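**Q** No sequence on hand, only this structure:
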């Protein structure tokens, strides 16, 4: 026996697993590319910037099976149950009224009672609640309240241990877990390093979203959500939205990095860029062939260097819609010309050369 090696360590046998024994699986998304299922996502921002209201708006949409902002028509889900835990707002006078204002299904929004014991990351009630309700989205607001009193936010070993339990619950149940957090005051640094506490907190989250105000002084309610970190997909576009008395109004999907947003480079908002215009023209040229399979169109556009977020927005701007026939989605222009060409779609598909010069 080696020094400092106890009996329990000796009883653990080495077990090696071949990559060939692991079945690869595809990442599933609640909201591509921002919030994946079965993972932990961090949503952060300064106090009063609308973090909770944004997640309540998302909760309301998924509770009724509606599409999330700027998502493709294909990316829809059945109505989902949401568990919302917060220590910052009361359910009766703030959370539920806001949920009602955003037209959510109240039977799909649940709360775990914390009257006798406060909830923490390691609490077994989280897993039990998810399994009993079949919830697909759990929100913990804010991080500092739910990580536990015995865990120091600045201690990497303590935060890792606390998060590991939550990560395991998300993975095993398939539920997406969103943790809302306040940002630190280091305004001159990258948004990635504005996560409160140890950098390990940012390390364990598979996606980090952040909200900040725009520079439009004439509209103090305008906000922008940016993706600070994305481990499982390309970084998503920024989402421009407005916080109002009746909840969130989603305004636009824009090209803006997290660094630009937090540097208040808001005058870029709304300005068309060359890539976007090129993408629109590319899509319109494709549609001259008539109705085409969505997968083939997206693959061709990606092969020509266009980002998924640019493709989505350009598709919307050109008026192209997705229609489902059998098990296959198609892109088409809902015009008389497109209808007249429908009989020739099959021939056009066979003749279409998915290569460009």
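**A** Arrived safely, thanks for sending. Here the structure is a predicted model, which is why all the values come from computation and not from measurement.
**Q** Contact partners for residue 176?
**A** 30, 35, 36, 37, 38, 39, 41, 136, 137, 138, 170 (C-beta atoms under 8 Å, 6 or more residues apart in numbering). For every residue, glycine as well, the C-beta is placed using N, CA and C.
**Q** got CSV for these, with pLDDT too?
**A** Shown next, in CSV, are the contacts of residue 176 (pLDDT from 0 to 100):
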residue, pLDDT
30, 96
35, 97
36, 97
37, 97
38, 97
39, 97
41, 97
136, 98
137, 98
138, 98
170, 97
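**Q** Please flag which of those residues sit within strands.
**A** Secondary structure from DSSP state E places 30, 35, 36, 41, 137, 138 of the contacts of residue 176 in strands.
**Q** Any figure for the gap between the fifth one and residue 316?
**A** What it means is residue 137. Separation of residue 137 from residue 316 (C-beta to C-beta, to the nearest Å): 25 Å.
**Q** Tell me which of these two has more neighbours.
**A** For residue 137 versus residue 316, neighbours defined as other C-beta atoms under 10 Å are more numerous around residue 137 (26 against 14).
**Q** Between all of the ones in strands among the contacts of residue 176, which two are separated the most?
**A** Using C-beta to C-beta, the pair of those lying farthest apart is 36 and 138, separated by 13.4 Å.
**Q** Pick out whichever of these two has more residues nearby.
**A** Ranked by neighbour count (other C-beta under 10 Å), residue 36 and residue 138 place residue 138 first, with 26 against 22.
**Q** The more buried one contacts residue 126, correct?
**A** Yes: between residue 138 and residue 126 there is a contact at 6.9 Å, judged by C-beta atoms under 8 Å.
**Q** circling back to that earlier point, could you point out which of the contacts of residue 176 is nearest to residue 276?
**A** Nearest to residue 276 among the contacts of residue 176, with distances taken as C-beta to C-beta, is residue 35, at 24.5 Å.
**Q** Next, work out how far apart the closest one and residue 55 are.
**A** With C-beta to C-beta as the criterion, residue 35 and residue 55 are 10 Å apart.
**Q** what is in contact with the two at once?
**A** residue 178.
**Q** show me the contacts for residue 239.
**A** Applying C-beta under 8 Å, 6+ apart, the residues near residue 239 are 69, 70, 224, 225, 226, 250, 252, 253, 254.
**Q** Quick one: the helices in the stretch 101-250 of the chain, in order.
**A** 124-133, 143-146, 156-173, 199-204 (DSSP state H, counting those that start in this stretch).
**Q** Lowest mean pLDDT across the ones you listed, which one is that?
**A** Within the helices of the stretch 101-250 of the chain, the stretch with the lowest mean pLDDT is helix 199-204, showing a mean of 85.
**Q** hmm, back to that, which of the ones in strands among the contacts of residue 176 lies closest to residue 76?
**A** Looking across those and measuring by C-beta to C-beta, the closest to residue 76 is residue 30, at 11.3 Å.
**Q** Would you mind listing where the stretch 151-300 of the chain has pLDDT under the threshold?
**A** Low-confidence segments of the stretch 151-300 of the chain (pLDDT under 70): 264-273.
**Q** Next, please give the residue ranges for the strands of it.
**A** 176-182, 207-213, 222-230, 238-244, 247-254, 292-293 (DSSP state E, counting those that start in this stretch).
**Q** neighbours around residue 144, how many?
**A** 14.
**Q** Distance of residue 108 relative to residue 64?
**A** As judged by C-beta to C-beta, residue 108 and residue 64 stand 8 Å apart.
**Q** With neighbour numbers in mind, choose between the two.
**A** Neighbour comparison, residue 108 and residue 64: the larger count goes to residue 108, with 21 against 14 (by other C-beta under 10 Å).
**Q** surely that one meets residue 83?
**A** No: checked against C-beta under 8 Å, the pair residue 108 and residue 83 is beyond contact range at 10.0 Å.
**Q** What about residue 316? Give its phi and psi, please.
**A** The phi/psi pair for residue 316 (degrees, to the nearest 10) reads phi -60, psi -40.
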